[in-house]
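A.B. asks: let me see the structure of the following:
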Amino acid sequence: MVDGQPGAAVSNAVEIRVAAQPGPLAVMRAVAGDLAIRADFDVDAIADVRLAVDEACATLIALAMPGTWLTCRFRTEHDRLVFTAEVVSEHAAAPRTDTFGWRVLTALADEISSAHDPAGDGTHVVRVELAKSRAEVPG
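C.D. replies: From the prediction side, this is the model:
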């Protein structure tokens, strides 16, 4: 079972967990770029994916509790790449949508959403999900 979907192909999903700190963001950008290349995205869309993943992760790291993890999931679906990232936070709110960073995300991604769920121990899981589609090639 992948991403809660029975029968989903394991080969189209990647999950990475790193310390919720700025240092490992280069790893996330590299993975995002590699997956976009493998999904045959054009150069501009690859750059958009890298920047969007970086911005989403940076937004979540700012909310993360010290010593916790940033968990990122990449999934390819036909002509699009879906990215989900989450952290454990003391904040009982999703990332703010009235910031410059969020405006950057909405410009780079085709779809974007955020959420938060209580974790049951006074903390919350804060999540950002975005999707970017491959440009149609005229032909």
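
A.B. asks: and residue 105, how many neighbours does it have?
C.D. replies: 22 (other C-beta atoms under 10 Å). All C-beta atoms are positioned from the backbone trio N, CA, C, and that covers glycine.

A.B. asks: helices of this protein, residue ranges please.
C.D. replies: 25-38, 43-63, 100-108 (DSSP state H).

A.B. asks: against residue 59, how distant is residue 69?
C.D. replies: Using C-beta to C-beta, to the nearest Å, residue 69 is found at 16 Å from residue 59.

A.B. asks: the helices of the chain: which one's closest to residue 131?
C.D. replies: With respect to residue 131, and counting by C-beta to C-beta, the nearest of those is helix 43-63 at 9.6 Å.

A.B. asks: what does that closest one contact?
C.D. replies: By C-beta atoms under 8 Å, 6 or more residues apart in numbering, the residues outside helix 43-63 that reach it are 20-22, 25, 28-29, 32-33, 35-37, 41, 70, 72, 81, 83, 85-87, 89, 91, 95, 99, 101-102, 104-105, 108-109, 126-128, 130, 132, 134-135.
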